[in-house]
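**Student:** Predicted model and sequence follow; I will ask about them next.
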Amino acid sequence: MLAVKNLSVGYRKGELILKDLSFSLSQGKMLAIIGPNGAGKTTLMRCINAILKPYKGVVDIEDQNVFQMETKEVARKIGYVSQNNKAGNMTVFDAVLLGRNPHVGVRSSQKDLDVAGNALGQLNLSHLATRYTNQLSGGELQKVCIARALVQQPELFLLDEPTSNLDLKNQMDIMKIVRRITTGQNLSAVMTVHDLNLAFRFADYLLLLNNGHIVTHGPPQSITPEVLTAVYGVEVELLRHNGHILADIA
(Lines give C-alpha, C1' and ligand atoms only; values in the text may rest on other atoms or scores of the structure.)
Protein backbone atom coordinates (compact mmCIF):
# COMPACT_ATOMS: atom_id res chain seq x y z
CA MET A 1 0.00 0.00 0.00
CA LEU A 2 2.93 2.32 0.77
CA ALA A 3 5.99 2.14 -1.46
CA VAL A 4 9.07 4.33 -1.01
CA LYS A 5 11.39 4.04 -3.99
CA ASN A 6 14.98 5.32 -4.30
CA LEU A 7 14.29 8.30 -2.06
CA SER A 8 17.02 10.91 -1.57
CA VAL A 9 16.21 14.03 0.43
CA GLY A 10 18.15 17.05 1.66
CA TYR A 11 17.61 20.56 2.96
CA ARG A 12 20.47 22.01 0.92
CA LYS A 13 21.68 20.98 -2.49
CA GLY A 14 24.45 18.44 -2.21
CA GLU A 15 23.79 17.75 1.49
CA LEU A 16 21.59 14.68 1.56
CA ILE A 17 19.84 13.68 4.78
CA LEU A 18 18.28 10.53 3.27
CA LYS A 19 20.17 8.53 0.68
CA ASP A 20 18.47 6.21 -1.79
CA LEU A 21 15.89 4.65 0.54
CA SER A 22 13.50 1.97 -0.67
CA PHE A 23 10.92 -0.02 1.34
CA SER A 24 7.22 -0.92 1.28
CA LEU A 25 4.40 -1.60 3.73
CA SER A 26 1.11 -3.40 3.19
CA GLN A 27 -2.33 -2.65 4.67
CA GLY A 28 -3.01 -3.60 8.28
CA LYS A 29 0.69 -3.50 9.18
CA MET A 30 2.73 -1.22 11.43
CA LEU A 31 6.28 -0.10 10.71
CA ALA A 32 8.49 1.42 13.43
CA ILE A 33 11.40 3.56 12.25
CA ILE A 34 14.22 3.43 14.78
CA GLY A 35 17.70 4.87 14.91
CA PRO A 36 19.85 7.40 16.79
CA ASN A 37 19.25 11.15 16.84
CA GLY A 38 20.10 12.73 13.50
CA ALA A 39 19.55 9.51 11.56
CA GLY A 40 16.87 11.14 9.36
CA LYS A 41 13.71 9.68 10.92
CA THR A 42 11.65 12.89 11.07
CA THR A 43 12.89 13.95 7.63
CA LEU A 44 11.63 10.65 6.23
CA MET A 45 8.21 11.17 7.85
CA ARG A 46 7.94 14.70 6.43
CA CYS A 47 8.84 13.41 2.99
CA ILE A 48 6.26 10.60 3.06
CA ASN A 49 3.68 13.25 3.97
CA ALA A 50 4.77 15.39 0.97
CA ILE A 51 5.89 18.24 3.26
CA LEU A 52 9.39 17.86 1.83
CA LYS A 53 10.07 17.05 -1.81
CA PRO A 54 12.96 14.73 -2.62
CA TYR A 55 15.86 15.32 -4.95
CA LYS A 56 14.96 11.97 -6.46
CA GLY A 57 12.63 9.05 -5.84
CA VAL A 58 8.92 8.67 -5.22
CA VAL A 59 6.48 7.88 -2.43
CA ASP A 60 3.47 5.93 -3.69
CA ILE A 61 0.23 5.22 -1.86
CA GLU A 62 -1.81 2.69 -3.80
CA ASP A 63 0.33 3.45 -6.87
CA GLN A 64 -0.30 7.20 -6.63
CA ASN A 65 2.72 9.48 -6.21
CA VAL A 66 2.09 11.79 -3.23
CA PHE A 67 4.22 14.52 -4.82
CA GLN A 68 1.73 14.77 -7.68
CA MET A 69 -1.32 15.09 -5.40
CA GLU A 70 -3.12 18.23 -4.30
CA THR A 71 -2.76 19.10 -0.61
CA LYS A 72 -6.33 18.04 0.21
CA GLU A 73 -5.85 14.74 -1.57
CA VAL A 74 -2.72 14.03 0.49
CA ALA A 75 -4.72 14.84 3.65
CA ARG A 76 -7.41 12.36 2.61
CA LYS A 77 -4.79 9.66 2.13
CA ILE A 78 -2.50 10.36 5.08
CA GLY A 79 -3.28 11.09 8.73
CA TYR A 80 -0.25 12.80 10.27
CA VAL A 81 0.45 13.22 13.99
CA SER A 82 3.51 15.43 14.43
CA GLN A 83 6.09 15.31 17.17
CA ASN A 84 5.13 18.68 18.67
CA ASN A 85 1.41 19.30 19.14
CA LYS A 86 0.18 22.62 20.52
CA ALA A 87 -2.90 22.59 22.72
CA GLY A 88 -4.61 25.67 21.24
CA ASN A 89 -7.82 27.02 22.74
CA MET A 90 -10.83 25.09 21.47
CA THR A 91 -12.98 22.25 22.66
CA VAL A 92 -11.83 18.68 22.17
CA PHE A 93 -14.74 18.03 19.82
CA ASP A 94 -13.85 21.01 17.62
CA ALA A 95 -10.17 20.02 17.60
CA VAL A 96 -11.08 16.54 16.36
CA LEU A 97 -13.60 17.91 13.86
CA LEU A 98 -10.78 19.89 12.22
CA GLY A 99 -9.57 16.59 10.82
CA ARG A 100 -12.62 16.53 8.56
CA ASN A 101 -11.41 19.62 6.64
CA PRO A 102 -10.13 17.60 3.65
CA HIS A 103 -13.66 16.19 3.20
CA VAL A 104 -16.02 19.05 4.10
CA GLY A 105 -17.69 21.63 1.88
CA VAL A 106 -18.76 25.04 3.13
CA ARG A 107 -19.81 23.66 6.51
CA SER A 108 -19.65 20.42 8.44
CA SER A 109 -22.35 17.89 7.62
CA GLN A 110 -24.08 15.53 10.00
CA LYS A 111 -21.77 12.82 8.70
CA ASP A 112 -18.73 14.89 9.70
CA LEU A 113 -20.16 15.38 13.19
CA ASP A 114 -20.90 11.66 13.48
CA VAL A 115 -17.38 10.69 12.31
CA ALA A 116 -15.85 13.04 14.91
CA GLY A 117 -18.12 11.66 17.63
CA ASN A 118 -17.24 8.07 16.71
CA ALA A 119 -13.50 8.86 16.83
CA LEU A 120 -13.88 10.32 20.30
CA GLY A 121 -15.63 7.13 21.36
CA GLN A 122 -12.92 4.92 19.88
CA LEU A 123 -10.25 6.71 21.88
CA ASN A 124 -12.36 6.95 25.07
CA LEU A 125 -12.46 10.74 24.84
CA SER A 126 -16.23 11.30 24.72
CA HIS A 127 -16.31 12.55 28.31
CA LEU A 128 -13.79 15.27 27.34
CA ALA A 129 -15.67 16.52 24.26
CA THR A 130 -16.53 19.93 25.75
CA ARG A 131 -13.28 20.45 27.64
CA TYR A 132 -10.77 22.89 26.15
CA THR A 133 -7.60 21.40 24.73
CA ASN A 134 -5.35 23.64 26.81
CA GLN A 135 -6.81 21.96 29.91
CA LEU A 136 -5.69 18.46 28.89
CA SER A 137 -2.82 16.34 30.09
CA GLY A 138 -0.08 15.36 27.64
CA GLY A 139 -1.54 11.88 27.16
CA GLU A 140 -5.06 13.23 26.59
CA LEU A 141 -3.82 15.77 24.06
CA GLN A 142 -1.92 13.09 22.15
CA LYS A 143 -5.08 10.97 21.95
CA VAL A 144 -6.99 14.01 20.63
CA CYS A 145 -4.37 14.45 17.90
CA ILE A 146 -4.70 10.78 16.94
CA ALA A 147 -8.50 11.14 16.86
CA ARG A 148 -8.14 14.19 14.60
CA ALA A 149 -5.96 12.18 12.21
CA LEU A 150 -8.41 9.27 12.38
CA VAL A 151 -11.40 11.36 11.23
CA GLN A 152 -9.51 12.15 8.04
CA GLN A 153 -10.33 8.50 7.26
CA PRO A 154 -6.83 8.00 5.87
CA GLU A 155 -5.23 4.97 4.34
CA LEU A 156 -1.91 5.65 6.02
CA PHE A 157 -1.17 6.81 9.57
CA LEU A 158 2.10 8.69 10.17
CA LEU A 159 3.10 9.29 13.79
CA ASP A 160 6.34 11.07 14.65
CA GLU A 161 7.42 9.93 18.13
CA PRO A 162 3.84 9.54 19.41
CA THR A 163 5.00 8.47 22.90
CA SER A 164 7.49 11.30 23.44
CA ASN A 165 7.26 12.93 26.90
CA LEU A 166 4.49 10.57 28.06
CA ASP A 167 4.51 8.45 31.21
CA LEU A 168 4.62 4.65 31.00
CA LYS A 169 0.85 4.14 31.12
CA ASN A 170 0.17 6.70 28.39
CA GLN A 171 2.94 5.28 26.24
CA MET A 172 1.29 1.86 26.40
CA ASP A 173 -2.18 3.36 25.85
CA ILE A 174 -1.04 5.22 22.71
CA MET A 175 0.73 2.20 21.23
CA LYS A 176 -2.25 -0.07 21.92
CA ILE A 177 -4.61 2.46 20.30
CA VAL A 178 -2.47 2.73 17.16
CA ARG A 179 -2.12 -1.05 17.01
CA ARG A 180 -5.89 -1.52 17.36
CA ILE A 181 -6.70 1.09 14.70
CA THR A 182 -4.12 -0.29 12.28
CA THR A 183 -5.45 -3.84 12.52
CA GLY A 184 -9.14 -3.07 13.00
CA GLN A 185 -9.44 -0.56 10.15
CA ASN A 186 -6.88 -2.22 7.87
CA LEU A 187 -4.70 0.88 7.67
CA SER A 188 -0.95 1.10 7.32
CA ALA A 189 0.92 2.87 10.11
CA VAL A 190 4.44 4.27 10.13
CA MET A 191 5.88 5.72 13.30
CA THR A 192 9.21 6.90 14.61
CA VAL A 193 10.03 5.45 18.03
CA HIS A 194 13.00 6.01 20.34
CA ASP A 195 12.03 3.27 22.79
CA LEU A 196 13.28 0.01 21.31
CA ASN A 197 11.07 -2.06 23.59
CA LEU A 198 7.90 -0.34 22.32
CA ALA A 199 9.06 -0.85 18.74
CA PHE A 200 9.80 -4.55 19.28
CA ARG A 201 6.53 -5.13 21.12
CA PHE A 202 4.04 -3.42 18.82
CA ALA A 203 5.45 -3.14 15.29
CA ASP A 204 5.17 -5.74 12.56
CA TYR A 205 8.36 -4.44 10.95
CA LEU A 206 11.33 -2.37 12.06
CA LEU A 207 13.41 -0.10 9.85
CA LEU A 208 16.76 0.92 11.33
CA LEU A 209 18.12 4.21 9.99
CA ASN A 210 21.61 5.60 10.49
CA ASN A 211 23.27 8.50 8.70
CA GLY A 212 20.45 8.60 6.16
CA HIS A 213 20.83 4.96 5.13
CA ILE A 214 18.69 1.89 5.86
CA VAL A 215 20.90 -0.38 7.94
CA THR A 216 18.36 -3.19 8.18
CA HIS A 217 14.64 -3.68 7.65
CA GLY A 218 12.44 -6.60 8.61
CA PRO A 219 10.28 -8.21 11.31
CA PRO A 220 11.44 -7.69 14.90
CA GLN A 221 12.90 -11.18 15.19
CA SER A 222 15.24 -10.45 12.25
CA ILE A 223 16.97 -7.56 14.04
CA THR A 224 20.22 -8.65 15.70
CA PRO A 225 21.86 -7.25 18.84
CA GLU A 226 25.10 -6.86 16.90
CA VAL A 227 23.60 -4.40 14.41
CA LEU A 228 21.90 -2.41 17.19
CA THR A 229 25.17 -2.26 19.13
CA ALA A 230 27.03 -1.01 16.06
CA VAL A 231 24.47 1.70 15.25
CA TYR A 232 23.74 3.00 18.77
CA GLY A 233 27.29 2.72 20.08
CA VAL A 234 26.25 0.90 23.26
CA GLU A 235 26.08 -2.81 23.92
CA VAL A 236 22.58 -4.14 23.30
CA GLU A 237 21.36 -7.59 24.29
CA LEU A 238 18.00 -8.90 23.07
CA LEU A 239 16.04 -11.04 25.52
CA ARG A 240 12.69 -12.83 25.34
CA HIS A 241 10.07 -12.51 28.07
CA ASN A 242 6.44 -13.64 27.87
CA GLY A 243 6.68 -13.84 24.09
CA HIS A 244 8.11 -10.32 23.70
CA ILE A 245 11.58 -9.24 22.58
CA LEU A 246 13.23 -6.89 25.07
CA ALA A 247 16.30 -4.73 24.51
CA ASP A 248 18.70 -4.66 27.45
CA ILE A 249 21.23 -1.84 27.28
CA ALA A 250 24.56 -2.43 29.01
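**Tutor:** Great, that's in hand.

**Student:** How far does stretch 156-167 sit from its chain's centre?
**Tutor:** Counting by Cα atoms, centre = their mean, to the nearest Å, stretch 156-167 is centred 6 Å from the centre of its parent chain.

**Student:** Could you grab the helix/strand/coil label for the residue lying closest to residue 46 once chain neighbours are set aside?
**Tutor:** Taking Cβ to Cβ, 6 or more residues apart in numbering as the measure, residue 46 lies nearest to residue 52, with 4.7 Å between them; neighbours along the chain are not counted. For the C-beta atoms, the positions are set from N, CA and C on the backbone; glycine is no exception. At residue 52, secondary structure determined by DSSP: H, G, I helix; E, B strand; the rest coil is coil.

**Student:** measure residue 52 to residue 167 for me?
**Tutor:** Here the criterion is Cβ to Cβ, to the nearest Å. By it, residue 52 lies 32 Å from residue 167.

**Student:** the more surrounded of these two?
**Tutor:** Between residue 52 and residue 167, counted using other Cβ atoms under 10 Å, the more crowded position is residue 52 (18 against 12).

**Student:** Identify the residues contacting the residue lying closest to residue 175 once chain neighbours are set aside.
**Tutor:** The spatial neighbour of residue 175 that comes closest, neighbours along the chain excluded (Cβ to Cβ, 6+ apart), is residue 202 at 4.7 Å. Contact partners of residue 202, counting by Cβ atoms under 8 Å, 6 or more residues apart in numbering, are 30, 32, 175, 176, 178, 179.

**Student:** Quick one: those as TSV, columns for secondary structure, neighbour count and pLDDT too.
**Tutor:** As requested, the contacts of residue 202 are exported to TSV (DSSP: H, G, I helix; E, B strand; the rest coil; neighbours: other Cβ atoms under 10 Å; pLDDT from 0 to 100):
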residue	secondary structure	neighbour count	pLDDT
30	strand	24	97
32	strand	25	98
175	helix	24	93
176	helix	12	94
178	helix	22	92
179	helix	16	94
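
**Student:** State the pair within the residues you listed that is farthest apart.
**Tutor:** Between all members of the contacts of residue 202, the longest pairwise span (Cβ to Cβ) is found for 32 and 176 and amounts to 14.3 Å.

**Student:** So, low pLDDT: which residues of the protein?
**Tutor:** Low-confidence regions of the chain, defined by pLDDT under 70, span residues 13-14, 87, 105-106.

**Student:** Quick one: the helices in it, in order.
**Tutor:** In the chain, helices defined by DSSP state H lie at 41-48, 71-77, 92-97, 110-122, 138-150, 168-184, 196-202, 225-232, listed in chain order.

**Student:** for the ones you listed, which one sits closest to residue 190?
**Tutor:** So among the helices of the chain, helix 41-48 is nearest, using Cβ to Cβ, at 6.7 Å.

**Student:** Summarise which helices and strands the closest one is packed against.
**Tutor:** Of the remaining helices and strands, those touching helix 41-48 by 3 or more Cβ pairs under 8 Å, 6 or more residues apart in numbering; DSSP states H and E are strand 2-12, strand 15-25, strand 30-34, strand 156-160, strand 188-192.

**Student:** would a markdown table of the ones you listed with distance to residue 75 be doable?
**Tutor:** Listed next are those as a markdown table, based on distance: least, Cβ to Cβ, whole Å:
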| stretch | distance to residue 75 |
| --- | --- |
| strand 2-12 | 16 |
| strand 15-25 | 19 |
| strand 30-34 | 21 |
| strand 156-160 | 11 |
| strand 188-192 | 16 |
